[in-house]
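Colleague: missing the sequence, but the structure's below:
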Ligand SMILES: N[C@H](CCC[C@H](N)C(=O)O)C(=O)O
């Protein structure tokens, strides 16, 4: 059965968006997920994003994220901005609430066209990342002592000063993604501080490899760099595909972690129909 899809990207991190609310016939299998993400045998994207009706009144819709290797991710910041834009156009509003595995994410479309998503509070305990055994997530016993946290998905961030060598993310990234310390694997960020409120970031993504941008990775990088004293809580993050503004706000109450607000672009590219059989009149 043909499946309608929408191609979108957030700072070059690209997505195939399937809205199943109006095509319930589409049955998603790991094989179909991998095929749709494949840049040679399918449509091609960094993640497949699946929309369903919300289960409750707080959210406007439910969103699930899948990597090209078929694994499901609890968060995807760039896709969350894209879905917020998609739904805002459909509903004619500038505020959208997404229901994700990481929780309820309020989003707003700004006057400049950029999208702001409240990505929630980072989870800083080893059990939340998760890690394989108890340890301080502020400086893991790994090369370059990265800090780790969860934004609904696992992240470790290696932070470097303005000068000096940095390992190749394409070489060290997959080694750390699959390290035994990460029972659910991890996204690995390589951050170079330009100033306390500005960093350059590349992310080796779990299940996807090196991408042009990683929204949850940018949130985790600012949290992790701020925890290590290298970055301010509000920081511009320059990624290969553009610029994201991250603001890890102060908590409302003592003993809690503040929410991380991510602001950045969301772009609609094209819509199409995917069918694995030739149309009848393909003359
Ligand atoms: N590969 C990630 C999901 C996509 C995250 C990224 N595209 C973003 O914008 O946050 C994971 O398995 O946790």
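Modeller: Arrived safely, thanks for sending. All of these numbers come straight from a predicted model, not from anything done at the bench.
Colleague: Quick check: next helix or strand after the longest helix along the chain?
Modeller: Of all the segments assigned as helix in the chain under DSSP state H, the longest by residue count is helix 77-91. Once helix 77-91 ends, the next helix or strand along the chain (criterion: DSSP states H and E) is strand 95-100.
Colleague: how about the residues of the chain that lie near the ligand?
Modeller: 13, 46-47, 65, 67, 73, 75-79, 153, 187, 205-208, 211, 214-217 (C-beta under 6 Å from any ligand atom). From N, CA and C alone the C-beta is placed, and that goes for glycine too.
Colleague: tally of neighbours for residue 172?
Modeller: Per other C-beta atoms under 10 Å, the neighbour tally for residue 172 reads 18.
Colleague: Grab the most central residue of this protein for me.
Modeller: residue 76 (2.5 Å; C-alpha atoms, centre = their mean).
Colleague: Distance check, it against residue 151.
Modeller: 10 Å (C-beta to C-beta, to the nearest Å).
Colleague: Mean pLDDT per element in this structure, and the minimum belongs to which helix or strand?
Modeller: Of all helical and strand segments in the chain, the minimum by mean pLDDT, DSSP states H and E falls on helix 30-37, at a mean of 94.
Colleague: Poorly predicted segments of this structure, please.
Modeller: Flagging of the chain using pLDDT under 70 yields the residue ranges 279, 281-283.
Colleague: What residue spans form the domains of it?
Modeller: 2-109+267-275, 147-258 (automatic domain parsing).
Colleague: Endpoints of the longest one, how far apart?
Modeller: End-to-end distance of domain 2-109+267-275 (C-alpha to C-alpha, to the nearest Å): 4 Å.
Colleague: now it, how far from the centre of its chain.
Modeller: How far domain 2-109+267-275 lies from its chain's middle: 12 Å, per C-alpha atoms, centre = their mean, to the nearest Å.
Colleague: if we can go back for a sec, and among the domains of the chain, the most buried is which?
Modeller: Most buried of the domains of the chain, by mean neighbour count (mean count of other C-beta atoms under 10 Å): domain 147-258, with a mean of 20.
Colleague: How far off centre is stretch 114-123?
Modeller: 10 Å.
Colleague: same deal with stretch 122-137?
Modeller: A distance of 19 Å separates the centroid of the chain from that of stretch 122-137, by C-alpha atoms, centre = their mean.
Colleague: Use 665 as the first number from now on
Modeller: Understood, numbering begins at 665; the last thing we discussed is stretch 786-801.
Colleague: Which positions in that stretch come out as buried?
Modeller: By 16 or more other C-beta atoms under 10 Å, the buried positions in stretch 786-801 come out as 786, 787, 788, 790, 793, 794, 795, 801.
Colleague: now the end-to-end length of that stretch.
Modeller: Stretch 786-801: ends 12 Å apart by C-alpha to C-alpha.
Colleague: Which residue ranges of the stretch 815-947 of the chain form helices?
Modeller: For the stretch 815-947 of the chain, the helices defined by DSSP state H, counting those that start in this stretch cover 833-841, 879-891.
Colleague: So which of those helices is nearest residue 686?
Modeller: helix 879-891 (26.3 Å; C-beta to C-beta).
Colleague: For residue 924, list the residues it contacts.
Modeller: Contact partners of residue 924, counting by C-beta atoms under 8 Å, 6 or more residues apart in numbering, are 782-786, 815, 883, 886-887, 910-913.
Colleague: Tell me how far it lies from residue 727.
Modeller: Between residue 924 and residue 727 the distance, using C-beta to C-beta, works out to 18 Å.
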